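S.K.: Provided below are the primary sequence and the corresponding predicted coordinates.
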Amino acid sequence: GESVGLHLPTLSVQEGDNSIINCAYSNSASDYFIWYKQESGKGPQFIIDIRSNMDKRQGQRVTVLLNKTVKHLSLQIAATQPGDSAVYFCAENGGGTSYGKLTFGQGTILTVHP
Amino acid sequence: SQTIHQWPATLVQPVGSPLSLECTVEGTSNPNLYWYRQAAGRGLQLLFYSVGIGQISSEVPQNLSASRPQDRQFILSSKKLLLSDSGFYLCAWSRQGGSPLHFGNGTRLTVT
């Protein structure tokens, strides 16, 4: 079946470095993608989203890049801080009309060392 | 601003007992509502979603059911819990017509 997956299950960086978290998706019909941050014991927190008519979208310290040719999504975090340590999930909508019916990847654990 | 509340935060229930988890959303009307489950160390799986009062769609066959008795209330239930029902249950909402999905802080359910 269609799935969304992550290349790296864990990522360790030093405070101040830039972080890049990658995600591959297989459903070519997907036209909406979203990144979440989940801290221990909490629900996922929305970070940034992107629609398939865009290649790049920037937020505060975060950038999402979408490469539809190779079905690849990435999240870049600039000047990573210890508070960024969490599990990061990518998700896609499978081309459906609902923005809430999402297929999630397995997650990447980001650890930021002071 | 919109807020979403889930309770209880944690729950330990014996096998065969009933379940009722509640979720309410404030600050918006006619939201789309969702129940997701997250197994340990894994991503989230959509269980149910609702686009209006009394309208429930099930995504996966299971021992659970959902109901939406009011516009901003979503309930996840079971008549008899199984060990495999243990997990982290997350309620979420989005606006009709499209918006990012926003999650509550979840209920950690342990079936013993």
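M.R.: Noted; the coordinates are in hand.
S.K.: what's the neighbour count on the spatially closest residue to A:G94 that is not a sequence neighbour?
M.R.: Once flanking residues are discounted, A:G94 sits nearest to A:N27: 5.1 Å by CB to CB, 6 or more residues apart in numbering or on different chains. In short, each C-beta sits where N, CA and C put it, glycine included. For A:N27, the count of nearby residues is 17 (other CB atoms under 10 Å in any protein chain shown).
S.K.: which element, helix or strand, includes B:L33?
M.R.: strand B:32-38 (DSSP states H and E).
S.K.: low pLDDT regions in the chain?
M.R.: With no chain named, the answer covers chain A. Low-confidence segments of chain A (pLDDT under 70): A:1-8, A:97-99.
S.K.: I was after chain B.
M.R.: B:41, B:98.
S.K.: surely A:N18 touches A:L75?
M.R.: No - counting by CB atoms under 8 Å, A:N18 stays clear of A:L75, with 11.0 Å between them.
S.K.: which residues sit in contact with residue 93?
M.R.: Assuming you mean chain A. When contacts are counted by CB atoms under 8 Å, 6 or more residues apart in numbering or on different chains, A:N93 touches A:S30, A:D31, A:Y32, A:F33, A:Y99, A:K101, A:L102, A:T103.
S.K.: wait, I meant chain B there
M.R.: A:G100, B:Q2, B:I4, B:V25, B:T28, B:P31, B:N32, B:L33, B:Y34, B:L101, B:H102.
S.K.: nearest spatial neighbour of the third one, chain-adjacent residues omitted?
M.R.: Just to be clear, that refers to B:I4. That would be B:G104: by CB to CB, 6+ apart, it lies 4.3 Å from B:I4.
S.K.: so A:I50 is in which element?
M.R.: With DSSP H and E as the criterion, A:I50 is inside strand A:45-51.
S.K.: CA atoms of that strand as PDB?
M.R.: Output in PDB follows, covering the C-alpha atoms of strand A:45-51 (Å, rounded to 0.1, in the frame of the first residue of the first chain):
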ATOM      1  CA  GLN A  45       2.300  20.100  17.200                       C
ATOM      2  CA  PHE A  46       1.800  21.600  13.800                       C
ATOM      3  CA  ILE A  47       5.100  23.100  12.400                       C
ATOM      4  CA  ILE A  48       4.600  23.800   8.700                       C
ATOM      5  CA  ASP A  49       2.700  22.600   5.700                       C
ATOM      6  CA  ILE A  50       3.000  22.800   2.000                       C
ATOM      7  CA  ARG A  51       0.800  22.100  -1.000                       C
END
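S.K.: list the buried residues for that strand?
M.R.: If you call a residue buried by 16 or more other CB atoms under 10 Å in any protein chain shown, then strand A:45-51 has these buried ones: A:I47, A:I48, A:D49, A:I50.
S.K.: now swap in stretch B:84-97 and tell me
M.R.: For stretch B:84-97, the neighbour count (16+ other CB under 10 Å) marks B:D85, B:S86, B:G87, B:F88, B:Y89, B:L90, B:C91, B:A92, B:W93, B:S94, B:R95 as buried.
S.K.: hang on, the fourth one packs against B:T110?
M.R.: It stands for B:F88. No - applying CB under 8 Å, one finds B:F88 not in contact with B:T110, separated by 10.1 Å.
S.K.: so what's B:Q55 bridging to?
M.R.: Beta-bridge pairing of B:Q55 under DSSP bridges involves B:G52.
S.K.: which residues of chain A lie near chain B?
M.R.: Taking CB under 8 Å from any CB of the partner chain as the contact definition, chain A meets chain B at A:4, A:34, A:36, A:41-46, A:49, A:89, A:91, A:98-107.
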